[in-house]
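Visitor: Need coordinates for the below:
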Amino acid sequence: MMYPRLKLARNLLKDDGVISIHIDEHEYSNLEKLLNEIFGEENNLGTIIWDKRNPKGDAKGIAYQHEQIIFFAKNKQSFLTDNEFKRPKENALKIIEKAEKLIKKGGGANDKVRKEFKDWIKSQDFSGGEKAYSFIDDNGDVYRPVSMAWPNKKQAPDDYKIPLIHPVTKKPCPVPDKGWRNPSKTMEKLLKEGLILFGKDETTQPNRKYLLKDNMEENVPSLLYFGGSDDDLLKNLDVIFDTPKVVDVAKKIMIPIVKQNDIVIDFFAGSSTTAHAVMDLNVEDNFSRRYVMVQLPEPINESHEAFSKGYRFITEISKKRIQNVSSKLKAEYPDKVKDLDLGFKVFKL
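Guide: Here you go, the predicted structure:
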């Protein structure tokens, strides 16, 4: 069943196109073999582990609480040439907005504001990388200190070993054992831009100041933590469907690979979570992504709740969801959607 669809998917993709596939532990190894054969191992972009935070209760062995989301490009080199394959840094905007709010309330970036901000960061359910941005400089910018040591095993060239002079004591600071990460000209530039952090005196090795506002994007990580569901959302949309995909997860998958005017095709549309995610993203960033949903007219069992609501086929649920999402977005964001096409066409084969 999977092989012909994967073969067709590859033929439909443009040269820098990407396919992403959710799958559980039962068929992952088989899927990867098929993808290696059809797309080529060299076009494997990697796999995201989606931790659902809820282990399966009916497990006979290991209780899996995750799914895999595997990514393959039609041509990896072409994809990486035309796309950055990055995502917005999680919670970055939230962190910056909190800092601005505290600075405004506290009358500037003073010690009291810095302590309050650091305490707030510690209290949040953030990753370690996000929690590292726990400092506010005199300009009110959020930052984190990062080592400037040479990252390779071999020694750096001599130009990478010139000591930095402490601005107060005017004495040279310690140089990392293998040298700095950057040559002397780059170090001078960082110094002029105020992006080097010195200690109280010359005995402390300086660090690089990474401003959060300049690092709002990050590489796509291999772990995705999301344990929520769309039960309330679907109830409000009058959508009745078993095991629907989560809209926020679909959006997180699409953001690094789907750009302006791209077309997203979903071979197993179900309740059209993918279409929902595309419309949401278009409203958020005013892009014009498009979608094609493919779904067999699978009959709904007469005992199912959806049948009592008048639905006879899964395709009817899918269409109804798109209509209701469109109406919801128009009601909630009238200014944003006025130039967006939220309609769709239906073709039956």
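Visitor: could you point out which element follows the worst-scoring helix or strand of the chain on mean pLDDT?
Guide: Counting by mean pLDDT, DSSP states H and E, the chain has its least confident helix or strand at helix 128-131, which shows a mean of 84. Under the assignment DSSP states H and E, the closest C-terminal helix or strand after helix 128-131 is strand 135-136.
Visitor: and that following strand, what other elements does it pack with?
Guide: In this structure, strand 135-136 makes packing contacts with helix 111-123, strand 142-146, judged by 3 or more CB pairs under 8 Å, 6 or more residues apart in numbering; DSSP states H and E. The way it works is simple: take the backbone N, C-alpha and C, and place the C-beta from them, glycine included.
Visitor: what bits of the stretch 201-349 of the chain have low per-residue confidence?
Guide: For the stretch 201-349 of the chain, no stretch is flagged by pLDDT under 70.
Visitor: ok now the least confident helix or strand of the chain, how far from the chain's centre?
Guide: Between the centre of helix 128-131 and the centre of its chain there are 15 Å (CA atoms, centre = their mean, to the nearest Å).
Visitor: which other helices and strands contact that helix?
Guide: For helix 128-131, the helices and strands in contact under the criterion 3+ CB pairs under 8 Å, 6+ apart are helix 111-123.
Visitor: for the chain, longest helix please?
Guide: Counting residues, the longest helix found in the chain (DSSP state H) is helix 314-332.
Visitor: can you pull the buried residues of the very next helix or strand once past that one?
Guide: Beyond helix 314-332 on the C-terminal side, the first helix or strand identified by DSSP H and E is helix 334-337. Residues Val337 are the ones in helix 334-337 that count as buried (16 or more other CB atoms under 10 Å).
Visitor: Touching helix 334-337 from outside, list them.
Guide: The contact list for helix 334-337, computed with CB atoms under 8 Å, 6 or more residues apart in numbering, reads Val283, Asn286, Leu329, Lys330.
Visitor: at 10 Å instead, please
Guide: By CB atoms under 10 Å, 6 or more residues apart in numbering, the surrounding residues in contact with helix 334-337 are Met279, Asn282, Val283, Glu284, Asp285, Asn286, Ser326, Leu329, Lys330, Ala331.
Visitor: next one: stretch 161-175
Guide: 148-150, 155-156, 160, 176-180, 183-184, 187-188, 190-191, 196, 198-206.
Visitor: Isn't His26 up against Tyr64?
Guide: Yes: if you go by CB atoms under 10 Å, His26 and Tyr64 touch, sitting 9.4 Å apart.
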